[in-house]
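Visitor: following is a predicted model, sequence given first.
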Amino acid sequence: MTSSPPELVVPTAIRDRILERAREGQPEEICGIFGGEYDPAPDGRSRVRSQYPAENVAETPRTRYRIDPEAQLELFEELEDRGEEIVGFYHSHPRGPPRPSATDEAQATWPDRSYLIVSLEPLEVGSWRWRERGNEGRFERERLVLD
């Protein structure tokens, strides 16, 4: 029996704000954090309740994203103060596909969290879960459900 893929439920209004930010931020990547209800199960359904935009402080923001560690910690504290869990992260690929790059894989550090990627050319949104097995990790496609 095949299990269902995990799901990320995102309110349409939040998806639209992220798309708008991605368009305004190009040619650089934009990034942020999702707060809400997190379900780590293999076929789990995480639900985004809010998004926390972050500044991209990467040395090459046209092709990479990085959230300043101190700013990230402040955002984590803010969402936890609101009773939310860390659901995952989002960023844009202004000129790339809506799937994780080799750099995204090398930098992923949050097991079982969602990584939503917005592509602007063509306009498309993809969502992935980072899975760790032993010493290795990989992204697994997840269903994106608009609410």
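Guide: Thanks, I have it. Numbers count the residues shown, from 1 in each chain.
Visitor: OK, contacts around residue 54?
Guide: By CB atoms under 8 Å, 6 or more residues apart in numbering, the contact set of residue 54 is 31-33, 67-68, 71-72, 75. Every C-beta, even on glycine, is put in place using the N, C-alpha and C of the backbone.
Visitor: in helices only, show me the residues you listed.
Guide: 71-72, 75 (DSSP state H).
Visitor: picking that back up, now neighbour count, distance to residue 25 and pLDDT too, for the contacts of residue 54, in a markdown table please.
Guide: As requested, the contacts of residue 54 are exported to a markdown table (neighbours: other CB atoms under 10 Å; distance: CB to CB, whole Å; pLDDT from 0 to 100):
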| residue | neighbour count | distance to residue 25 | pLDDT |
| --- | --- | --- | --- |
| 31 | 25 | 9 | 98 |
| 32 | 22 | 11 | 98 |
| 33 | 24 | 16 | 98 |
| 67 | 21 | 14 | 96 |
| 68 | 13 | 16 | 96 |
| 71 | 14 | 16 | 96 |
| 72 | 17 | 18 | 96 |
| 75 | 19 | 17 | 97 |
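Visitor: tell me what residue 141 is bridged to.
Guide: residue 128 (DSSP bridges).
Visitor: wait, it touches residue 5, no?
Guide: Yes. Using CB atoms under 8 Å, residue 141 is in contact with residue 5, at 6.3 Å.
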